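> Quick one: sequence plus predicted model below, questions after.
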Amino acid sequence: MSQKNDVPALLGALLVTVGVVGGGIWWFTQKSGQNLGQVFQTGSNSNPSTGSNSGSNNQPLSAVKDVPAGQFRYGGSTSWAPIRLSVDSAIQTSRSEFRLSYVNPVGEAASTGSGIKMLLNRQIDFAQTSRPLNAKEQQQAQQLGLNLTEIPVAIDGLAVAVNPSLNSPGLTLEQLRGIYTGQLTNWQQVGGPNVPIVPLSRKPGSGGTVDLFIESVLGGGNFGAGVQFVDTTTQALQRLGATLGSIYFASAPEVVPQCTIKPLPIGRAAGQFVPPYREPLVDSSQCPGQRNQLNHQAFQNGDYPLTRNLYVVFKQDGQRSQQAGQAYANLLLSGQGQGLLEQAGFVRIR
């Protein structure tokens, strides 16, 4: 009988204990501002902070701290054009005190290289680049007594495009190298129709996209004599739509959604083709009602062989320009900023 009488007492004690522990946890979370999921989350699932105010995945632009007030100049890579159009305008709406003014280079086309040059010449406060700083730029900065910081904020990729009527299963990196060095001159040599290949590119030194292609695909070598150079991606896309055998490469968000071209799957080896678009491929006849979307997963996990980071670059000089560059990076790395970058056609870096 005594054991039966002990059962209600034990249950009562247990309920009291649970209530005390639960109340203690509630009090802790209310006082500390911690979320229970954060309290018990393991470190292996957390993202390292790149900036001092990178915040959580849900952080809105309005919550980013240390954003300076004033007019700040910036410039750089043409691959950032979709970001300047939509993301930067959203930043201006949310943070009206942080006024951005885009600066075009004088006497040359806008590019990663021209952006870095303007930054070193103190013509802009921070630069938008589509590749890391190279050794020459780092040396120039050191000679000027400057330290440059580069913060990755998004993932981009190079997409290779052809005429929508061209029948091709895709290209390996080796085949792509052969086309742009002049070793392969007919689509029949790479599993396509008997049509001459017309390779198009912007000129070497015209931007980070071409620099990355030369480094990653050509191994630092030169374009072949048969490559035809264009000034802009717009010109190249027009040529692609008009010439059956033409081929061109550019930043994936500039290429994949277009209606007048067809992006090609690319592989590190034969039979390993990975499309830069989310399958199935949208036929050009269905565009613009439907458009191809970026293959975000393949870009993030590295399955697609031609990816890169986009960077915000600024001087570590303790001045307002440094504060502006760091704040701009933090805004893009906030939860809302990453979502806006994704809407602009790029891939989240976190």
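Now that the structure is in, tell me what you want to look at. Numbers count the residues shown, from 1 in each chain.

> for the protein, what spans make up the helices?
Ranges of helices within the chain are 2-32, 36-39, 81-82, 88-94, 112-120, 135-143, 173-181, 208-216, 233-242, 252-255, 296-301, 320-333, 335-343, based on DSSP state H.

> The fifth one: which residues count as buried?
Read it as helix 112-120. Thr112, Gly113, Ser114, Gly115, Ile116, Lys117, Met118, Leu119, Leu120 (16 or more other CB atoms under 10 Å). In short, each C-beta sits where N, CA and C put it, glycine included.

> Find me the pLDDT at the nearest residue to Gln258 once chain neighbours are set aside, would you?
With CB to CB, 6 or more residues apart in numbering as the criterion, Gln258 has its nearest non-adjacent residue at 6.0 Å, and that residue is Leu237. Looking at Leu237, its pLDDT is 95.

> Could you double-check that Leu237 sits in contact with Pro263?
No. In this structure Leu237 lies outside contact range of Pro263 using CB atoms under 8 Å: 11.4 Å.

> shared neighbours, those two?
Ala161, Val255 (CB atoms under 8 Å, 6 or more residues apart in numbering).

> what about the closest residue to Ser321 other than its chain neighbours, how many neighbours?
Excluding the flanking residues, the one nearest Ser321 by CB to CB, 6+ apart is Asp125, at 3.9 Å. Neighbourhood size, Asp125 [other CB atoms under 10 Å]: 27.

> Ramachandran coordinates for Asp125?
phi -90, psi -30 (degrees, to the nearest 10).

> any idea how far it is from Gly207?
21 Å (CB to CB, to the nearest Å).

> What score does the residue nearest to Val312 when sequence neighbours are not counted have for pLDDT?
In this structure, Val312 finds its nearest non-sequential neighbour in Ala329, 4.2 Å apart by CB to CB, 6+ apart. pLDDT for Ala329: 98.

> Break this structure down into its structural domains.
61-155+309-348, 157-307 (automatic domain parsing).

> Check the offset of the first one from the chain's centre.
What it means is domain 61-155+309-348. 13 Å (CA atoms, centre = their mean, to the nearest Å).

> Between the two ends of it, how far is it?
16 Å (CA to CA, to the nearest Å).

> And the lowest mean pLDDT element among the helices and strands of this protein?
The weakest-scoring helix or strand in the chain, judged by mean pLDDT, DSSP states H and E, is helix 36-39 (a mean of 28).

> Can you list the low-confidence ranges for the chain?
1-56 (pLDDT under 70).

> can you map out the strands along the stretch 151-300 of the chain?
When secondary structure is read from DSSP state E, counting those that start in this stretch, the stretch 151-300 of the chain shows strands at 171-172, 198-202, 228-230, 246-251, 262-263, 266-267.

> With Asp66 as the reference, name the closest of these.
strand 246-251 (30.2 Å; CB to CB).

> Do I have it right that the residue nearest to Ser321 meets Gln323?
No. Assessed by CB under 8 Å, Asp125 is found out of contact with Gln323, at 9.0 Å.

> Leu144 contacts Asn121, doesn't it?
No. Applying CB under 8 Å, one finds Leu144 not in contact with Asn121, separated by 9.1 Å.

> can you list contacts of stretch 175-191?
Counting by CB under 8 Å, 6+ apart, 160, 166, 168-169, 171, 193-197, 199, 201, 213, 217-219, 221-227, 245, 247, 266 sit against stretch 175-191.

> so who does the residue nearest to Gln258 touch?
Leu237 neighbours (CB under 8 Å, 6+ apart): Ala161, Tyr248, Val255, Gln258, Thr260, Ile261.

> Fine by me, we can end here.
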